[in-house]
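A.B. asks: Any chance you can model this:
(chains A and B)
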Number of protein chains: 2
Amino acid sequence: MLHCAGCTWLSVTELAVVNFDLEEYLSARRSIVDRALERYLVRQPGCAESIWRAMRYGLFPGGKRIRPILTLAAGELFAAKQKELLPFACAVEMIHAYSLIHDDLPALDDDDLRRGTPTAHKVFGEGMALLAGDALLTEAFHLISGPATRSQEPQVVLELIHELGRAAGVAGLVGGQAIDLETEKKNAAISTVEAMHGRKTGALIVASLKIGARVGAAKPLEVKRICRYGEAVGLAFQIADDLLDSAGESGGEESGRKEEKKATYPSMVGVPQAKERLRELMVLAVKSVVPFGFKAEALKAIAIYVAQRALRDGTNSRRQEMNC
Amino acid sequence: MLHCAGCTWLSVTELAVVNFDLEEYLSARRSIVDRALERYLVRQPGCAESIWRAMRYGLFPGGKRIRPILTLAAGELFAAKQKELLPFACAVEMIHAYSLIHDDLPALDDDDLRRGTPTAHKVFGEGMALLAGDALLTEAFHLISGPATRSQEPQVVLELIHELGRAAGVAGLVGGQAIDLETEKKNAAISTVEAMHGRKTGALIVASLKIGARVGAAKPLEVKRICRYGEAVGLAFQIADDLLDSAGESGGEESGRKEEKKATYPSMVGVPQAKERLRELMVLAVKSVVPFGFKAEALKAIAIYVAQRALRDGTNSRRQEMNC
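C.D. replies: Numbers count the residues shown, from 1 in each chain, chains lettered A, B, ... in the order given. Model prediction:
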């Protein structure tokens, strides 16, 4: 059960997640996503052994699967069928996995470890890791343009591919990585850091949610609310990761990152102000989906979970994590 | 005018390109493709200066633009409208450009020069070159899923995105690069080298043609013929490039490549046998499109041009190139 100790800004009505079992929800959705990824990532005849292994290494066991779970959660809000959501959810996760493989390469973050295990290039070499990332990015678009999404209206599928392309490209994820690379070791403005996070982390999270809502035929105003939630959660997610990294207790996706080179939120405004911003974003995210009522329990709980990871006192972290 | 000195296997009727001005055809189509690329590659608000410059550096001035020209040529065969072909032709070229940027990186071929100028990572650094490649690949799918292809049937656009994804992914281009990486410095079988080329070079060339034919609503048998042409031209293109590289007079796209590491056709079977295979492929390509009659002049002339580059005697190369 989720115990939301850090949310005194929210009324009980707005929160409405006190009895929501987030741990069970995330675990069940993660299994569903994992099974779907196994189903969709099919080894092609003649596919070289090494790239196949490198692609799988980047995709399994994976992390929290938060992006595809957000696609499912947003879709569930509008009664979308899970089997119609899953190809898109898996494409989002493939893009996330590719971005991590490339981000870890010596040319970018030069990380040896991710989630406590050696990064792809440490296991398969830089060349094969680079190609495995390229292959996962390409496979994402190949997947959602093919038979897996046949039950959807072709025009809707095209719009969702376009949305994912925008979020993953130079206006989103890759553009954010480029700003990140440029702002290394420089005194960037906090607005630049927020813009960078909005692209590098936020764009794909917003797209995950937007795609789920669109598969569920959400109305424009509803999509707008979901996007507002996504923008807040996306930035919260990055600030929380950076806070955990700076406290050296992450074990998260950025673990092992050469933090000292980076312009991060906590390094620029200090830990207390970063935590304050994180709280604001959590409240903003939750408030964005309040109009959906009890149906938005999962989205609210996820927003609180994302922030709470970094807002808890170090001494209580482990115990509270068990409750979450 | 094209003078086809090396084509005694083909009758005049089959060839039917003696008066076709290929030089003029390629030059006009290249200009059309360049203008379309300029139109489609729009700088997004807030896009970092460096990645924008790196993307453009990878795309302009470009090489022969043979892949998008093949899309146009295949489409013209079936009276497809040029403006309907161009978004797909440009997406193909963006994917080609990304693959060259990544291929040149130290993690793969480690090339300092391409087409006689410094490679992208030499100018922008490895990290930015990696991201520029990622951005171009993503932009290809973003482009053809958006307004640029709105005049086409959505279901057809989806099929073409799927086709391009297959050709660019692990079953095609990236898979071929992985085989290439694995076969370095090993005694690979010639069948492995052909399979590798079929993916690394052939798959995108076949897709370029297939997409053009499909935009022109070609019938399945016609698409099959176009694919047979593409498979032959794709392999011929790679063998010709390798022959030119081995003769040290390429100036071609692979110029500067660390050839000695690679398992290439000429290095495995010798130059005379590689030239013999190149002639066979040229004949096969031309014969594949003979049923289309005079309409296929451009495709025939391109197949002969691809092979002739490497079949001519060194002493006559420059003079004959002027005629071509």
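
A.B. asks: Tell me the secondary structure at the residue of chain A most remote from its centre.
C.D. replies: Centroid-distance maximum for chain A: residue A:46 at 32.4 Å, with CA atoms, centre = their mean. Assigned by DSSP: H, G, I helix; E, B strand; the rest coil, the conformation of residue A:46 is coil.

A.B. asks: Pull the contacting residues for it.
C.D. replies: B:171, B:175, B:195, B:199 (CB atoms under 8 Å, 6 or more residues apart in numbering or on different chains). Yep, even glycine has a C-beta here, placed from its N, CA and C like the rest.

A.B. asks: what helix or strand does the closest residue to the last one other than its chain neighbours sit in?
C.D. replies: Spelled out, it's residue B:199. Closest residue to residue B:199 apart from its sequence neighbours, by CB to CB, 6 or more residues apart in numbering or on different chains: residue B:176 at 2.9 Å. In this assignment (DSSP states H and E), residue B:176 forms part of helix B:173-183.

A.B. asks: tell me which residues in the very next helix or strand once past that helix are buried?
C.D. replies: Where DSSP H and E defines the elements, the next helix or strand beyond helix B:173-183 is helix B:190-197. By 16 or more other CB atoms under 10 Å in any protein chain shown, the buried positions in helix B:190-197 come out as B:192, B:193, B:194, B:195, B:196, B:197.

A.B. asks: what's the answer for stretch A:286-296, then?
C.D. replies: So stretch A:286-296, judged by 16+ other CB under 10 Å, has buried residues A:286, A:287, A:288, A:289, A:290, A:292, A:296.

A.B. asks: Now, those residues that are in helices?
C.D. replies: Counting by DSSP state H, the part of these found in helices is A:286, A:287, A:288, A:289.

A.B. asks: My read is that the first one contacts residue A:303, right?
C.D. replies: In this case it means residue A:286. Yes. With contacts counted by CB atoms under 8 Å, residue A:286 reaches residue A:303, the gap being 5.3 Å.

A.B. asks: What ranges in the stretch 201-324 of chain A fall below the confidence cut-off?
C.D. replies: Along the stretch 201-324 of chain A, the model assigns pLDDT under 70 to residues A:248-261, A:313-324.

A.B. asks: what ranges do the helices span in it?
C.D. replies: Using DSSP state H, counting those that start in this stretch, the helices of the stretch 201-324 of chain A run over A:203-215, A:220-246, A:265-269, A:271-289, A:297-311, A:314-323.

A.B. asks: Could you do the stretch 1-150 of chain A as well?
C.D. replies: Ranges of helices in the stretch 1-150 of chain A, per DSSP H, counting those that start in this stretch, are A:12-15, A:22-40, A:49-59, A:66-77, A:82-104, A:120-124, A:126-144.

A.B. asks: related to what we said a few turns ago, now tabulate the ones in helices among the buried residues of stretch A:286-296 in JSON lines and tack on distance to chain B.
C.D. replies: As requested, those are exported to JSON lines (distance: CB to the nearest CB, whole Å):
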{"residue": "A:286", "distance to chain B": "28"}
{"residue": "A:287", "distance to chain B": "26"}
{"residue": "A:288", "distance to chain B": "23"}
{"residue": "A:289", "distance to chain B": "27"}
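
A.B. asks: Pretty sure residue A:20 sits against residue A:301.
C.D. replies: Yes. At 4.9 Å, residue A:20 counts as touching residue A:301 under the criterion of CB under 8 Å.

A.B. asks: Name the residue in these two with the higher neighbour count.
C.D. replies: residue A:301 (25 against 20; other CB atoms under 10 Å in any protein chain shown).
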